[in-house]
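Visitor: Structure of the sequence below:
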Amino acid sequence: MIDFGFFLEIIPKLLSGLPLTLQLAGTSILLGFALALALALAQQVRRPAVVWPIRCFVAVFRGTPLLVQIFLIYYGLGQFRPSLQALGLWWLFHEPYWCAILALTLNTAAYGSEILRGAIRNVPHGLSEASTALGMSRFLTLRFVILPLALRQAIPAYGNEVILMVKGTSLASIITLMEVTGIAQGLISQSYRAIEVFIAAGAIYLVMNFIIVRALGALETKLTPYRTRA
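Guide: Okay, the predicted model is just below:
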């Protein structure tokens, strides 16, 4: 039998890891979005010297598990401590928190760049021609015409990536970060009641993602009111 009193006991403990979960997700999503946008715009140049390194980066991070990426960054790069110390980067790679942020950021940037690249390419070319005919520069056309439309179109797909990143933060527990999943594993080792603990942890992630879905839906409605009216 499931003990509901046990739920009431462990939920506050699990919620104590929520700030770290949100911090990991929020930081990696913001940094990843900035990097993804830069990569998507760089690929519009269509120069092989620029495009192919980006495509290789995207292929590597989309084609390998996030868990492996976290292991390689935290444990793998730690083997190069003298070199990293010489470069002044050891402060980044000896902290589990920053290694998790780096792995999550690079992973979401790889997926996000493809989402944004596709959204930019889906903007009708006639709009760019009309902007040029009005005397707008290429930069102004990109800033005021292409990017606003592309970002609106990318909201549903990018919303899925945001949800995946929130769930992906659970993998940070493997490098000793005590977010929600890390605390859940500690509670299981103490109580040996895996079902109740993981149900409670899953409920927390479910509520978080429900709020995110509703917020993204409201944002999409606000930015595309014509679809709502239709």
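Visitor: So, low pLDDT: which residues of this protein?
Guide: Along the chain, segments meeting pLDDT under 70 span 1-2, 225-230.
Visitor: how about the helices in it?
Guide: 4-15, 18-42, 48-63, 66-71, 81-87, 90-93, 96-121, 125-133, 138-141, 147-168, 180-191, 194-223, 225-229 (DSSP state H).
Visitor: any idea which of those is most buried?
Guide: helix 96-121 (a mean of 22; mean count of other Cβ atoms under 10 Å). The way it works is simple: take the backbone N, C-alpha and C, and place the C-beta from them, glycine included.
Visitor: Report all helices and strands that that helix contacts.
Guide: helix 18-42, helix 48-63, helix 66-71, helix 90-93, helix 147-168 (3 or more Cβ pairs under 8 Å, 6 or more residues apart in numbering; DSSP states H and E).
Visitor: do that again at 6 Å, thanks
Guide: Helices and strands touching helix 96-121, as assessed by 3 or more Cβ pairs under 6 Å, 6 or more residues apart in numbering; DSSP states H and E, comprise helix 18-42, helix 48-63, helix 66-71, helix 147-168.
Visitor: Show me the contact partners of the longest one.
Guide: In other words, helix 18-42. Residues outside helix 18-42 that contact it (Cβ atoms under 6 Å, 6 or more residues apart in numbering): 50, 54, 100-101, 104-105, 108-109, 112-113, 116-117, 162, 165-166, 169, 172, 179-180.
Visitor: One more pass at 8 Å, please.
Guide: Applying Cβ atoms under 8 Å, 6 or more residues apart in numbering, the set of residues contacting helix 18-42 from outside is 50-51, 54, 57-58, 97, 100-101, 104-117, 120, 142, 158, 162, 165-166, 169-170, 172, 177-180, 204, 208.
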